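Peer 1: The sequence and its predicted three-dimensional model are supplied below.
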Amino acid sequence: GQLEEARRALDAPLFADVAGDATVSFEFFPPKTEKMEETLWASVQTLKILKPRFVSVTYGAGGSTRERTHNTVARIAKETDIPAAAHLTCVEASKAEIADVANAYWDDGVRHIVALRGDPPVAGAKFQAHPDGYQNAADLVAGLKKLHPFEISVAAYPECHPDSESAEFDLANLKAKFDAGADRAITQFFFSPEHYFRFCDKARAAGIDAEIVPGIMPVSNFAATQRMSAMCNTEVPAWMGRLFEGLDDHPGARQLVAATIAAEMCRRLYAGGVRQFHFYTLNRAELSFAICHLLGLRGDKAGLEKAA
Ligand code: FAD
């Protein structure tokens, strides 16, 4: 399997084996203020040099950022040549409301949706479908495909979604999303490549042959990451905590440590044959940019000159 392949390839000197043949995508969230919008836009400018396959913009819990997500995606689609993808959730929404959102994207030239169930507005509550809504992400994918021939990405969980009764059920749920028409999966973030490789091996064995792109979260705020990881069932290795110890007042060192950790994880994934990476940028470019650089990405010369 991929895990063995990774172990064999890891003997190479640090990053000497990367050939610049990886492709990447970047995830942003819709900005709340003008200042945040500037930061986001500067990040898009920095990262677009790396010729991402696509960039995506998240949808706030319960559709709370419907307008802002739309405006951000539409602006990227209009002002750059990067394919833009819009996240869309079906929590708290009727099928008619989803259709309105999806039709508006289609009319604005957006052809890629990241289709998700979403989480209930009250943290920890059990998901309940809207009475006139979609039952889950698979159902949403089928509904979107009926509206327009969108390219569709869905979520996958190498360490199992916290709501799932078992890892097998969760894998069957992922299969259902592909059967409904999804084109690729993007994973929840994780910190142990082994979890990802084992999950991919199981998915292949279950008949899933589509892309399962690892979602990379470059961590620089360890406390926040611990909180988030606990909510979504992601294991935080003890060694990672130790690497951030005593760095609270050293933002520069923290960034270097963060880049080292994420780059090392990407190196391991690359060694196991992974050539596609999706970065949770949190709207900051530098960390993701540095990691892509270590992965051998240089961007096009024209893009570099334009950016200068
Ligand atoms: P689903 O695939 O529907 O599955 C959720 C869980 O329910 C799984 O455990 C599944 O096994 C189980 N399940 C599904 N159907 C049934 C059924 N019929 N009976 C019993 N159990 C069932 N959230 C946002 O609000 N906005 C975003 O922009 C956003 N972007 C994301 C991007 C990525 C790449 C990822 C990984 C997650 C994102 N999320 C986002 C979070 C996501 O909305 C949550 O993880 C949510 O809890 C599950 O969504 P899903 O699409 O995976 O749901």
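Peer 2: Done, it's in. Residues are numbered from 1 along each chain as shown.

Peer 1: Residue ranges in this protein under the pLDDT threshold?
Peer 2: Low-confidence segments of the chain, defined by pLDDT under 70: 9, 11-13, 300-308.

Peer 1: quick one: the residue nearest the centre of it and the ligand, what's the gap?
Peer 2: Nearest to the geometric centre of the chain sits residue 215, at 4.4 Å (C-alpha atoms, centre = their mean). Distance, residue 215 to the ligand, by C-beta to the nearest ligand atom, to the nearest Å: 5 Å. In short, each C-beta sits where N, CA and C put it, glycine included.

Peer 1: which strand residues sit across from that residue in the sheet?
Peer 2: Assessed by DSSP bridges, residue 215 has beta-bridge partners residue 278.

Peer 1: Show me which positions of the longest helix along the chain end up buried.
Peer 2: Criterion DSSP state H: the longest helix present in the chain is helix 251-271. Under the neighbour-count criterion of 16 or more other C-beta atoms under 10 Å, helix 251-271 has 254-255, 257-259, 261-263, 265-271 buried.

Peer 1: Could you list every helix and strand in contact with it?
Peer 2: With contacts defined as 3 or more C-beta pairs under 8 Å, 6 or more residues apart in numbering; DSSP states H and E, helix 251-271 has these neighbours: helix 2-9, helix 193-205, strand 215-216, helix 238-244, helix 286-294.

Peer 1: What parts of the stretch 201-308 of the chain come near the ligand?
Peer 2: Within the stretch 201-308 of the chain, the positions near the ligand by C-beta under 6 Å from any ligand atom are residue 215.

Peer 1: now, of the helices and strands packed on helix 251-271, which is deepest in the fold?
Peer 2: Comparing the helices and strands packed on helix 251-271 by mean neighbour count (mean count of other C-beta atoms under 10 Å), strand 215-216 comes out on top with a mean of 24.

Peer 1: if I look at residue 116, how far off is residue 160?
Peer 2: Distance check for residue 116 against residue 160: by C-beta to C-beta, to the nearest Å, it reads 17 Å.

Peer 1: Compare these two and say which one has the larger neighbour count.
Peer 2: Counted by other C-beta atoms under 10 Å, residue 116 and residue 160 do not tie: residue 116 has more neighbours, with 21 against 18.

Peer 1: pretty sure the more buried one is in contact with residue 93, am I right?
Peer 2: No. Here residue 116 does not reach residue 93: they are 11.5 Å apart, not a contact under C-beta atoms under 8 Å.

Peer 1: circling back to that earlier point, state the distance from the residue nearest to the centre of the chain to residue 232.
Peer 2: Here the distance between residue 215 and residue 232 works out to 11 Å (C-beta to C-beta).

Peer 1: now do residue 138
Peer 2: Residue 138 sits 19 Å away from residue 232, going by C-beta to C-beta.

Peer 1: same question, residue 40
Peer 2: According to C-beta to C-beta, residue 40 and residue 232 sit 23 Å apart.

Peer 1: For the chain, just list every one of the strands.
Peer 2: All strands of the chain, identified by DSSP state E, fall at 23-28, 54-57, 84-89, 112-116, 151-156, 184-187, 211-213, 215-216, 276-280.

Peer 1: Okay, now the sheet partners of the first one, with direction.
Peer 2: So the one you mean is strand 23-28. When pairing is defined by DSSP bridges, strand 23-28 lines up against strand 54-57 (parallel), strand 276-280 (parallel).

Peer 1: Pull the residues that contact the last one.
Peer 2: So that's strand 276-280. Strand 276-280 has contacts (C-beta atoms under 8 Å, 6 or more residues apart in numbering) with 22-27, 53, 186-187, 189, 211, 213-218, 266, 269, 288, 291-292, 295.
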